[in-house]
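**Q** no sequence for this one, just the structure:
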């Protein structure tokens, strides 16, 4: 059986990482190709860290950048993939708040609530209720 290309490995990993279809199978430019080939075909493939470990690092970074939509996607994918429970998502938000500061953590909190609600098929509700 022939060895898989970086693109094939990258697409498989991206599908494993994300619980939604990001449309990466229809890549038509060099920027997106680089993301798939390098980020998912090389970096996410490395064995020293698992997907959950890499996801937690990613959540910390995108949270620090205030990227609530990406935080929501990461939390939702972690929930759907069984990597985190709603309680762990809540605890992650609480932990990040101390490092991000309250103003920046609001976007993370809202993203977490939305991800848990989408995962559970409910309306967003505050943690602990």
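**A** Cool, got the structure. This one's a predicted model, so the numbers in the text were calculated from it and none came from an experiment.
**Q** quick one, domains of the protein?
**A** 6-45, 51-120 (automatic domain parsing).
**Q** in the host helix or strand of residue 75, what counts as buried?
**A** Residue 75 is part of helix 68-80, with elements assigned from DSSP states H and E. When burial is assessed from 16 or more other Cβ atoms under 10 Å, helix 68-80 yields the following buried residues: 68, 70, 71, 72, 73, 74, 75, 76, 77, 78, 79. Any C-beta I mention is one placed from the backbone N, CA and C, and that applies to glycine too.
**Q** next one: stretch 38-57
**A** Neighbour counts over stretch 38-57 (16+ other Cβ under 10 Å) mark 40, 41, 44, 55, 56 as buried.
**Q** go on, stretch 12-24?
**A** 13, 14, 17, 18, 19, 24.
**Q** Which single one of these is nearest to residue 109?
**A** Using Cβ to Cβ, residue 19 comes nearest to residue 109 of those, at 20.5 Å.
**Q** Can you give me the distance of that closest one to residue 60?
**A** Separation of residue 19 from residue 60 (Cβ to Cβ, to the nearest Å): 19 Å.
**Q** Could you do residue 34 as well?
**A** When residue 34 is compared with residue 60 (using Cβ to Cβ), they lie 23 Å apart.
**Q** Same question for residue 71.
**A** For residue 71 relative to residue 60 (Cβ to Cβ), the value is 10 Å.
**Q** Need the residue closest to the centroid of this structure.
**A** Nearest to the geometric centre of the chain sits residue 74, at 2.1 Å (Cα atoms, centre = their mean).
**Q** For that one, which non-adjacent residue is closest in space?
**A** residue 59 (4.9 Å; Cβ to Cβ, 6 or more residues apart in numbering).
**Q** I'd say that neighbour and residue 71 touch.
**A** Yes. Between residue 59 and residue 71 a contact is recorded at 6.2 Å, counting by Cβ atoms under 8 Å.
**Q** Residue 44 touches residue 51, doesn't it?
**A** Yes. Residue 44 lies in contact with residue 51 (Cβ under 8 Å); the separation is 7.2 Å.
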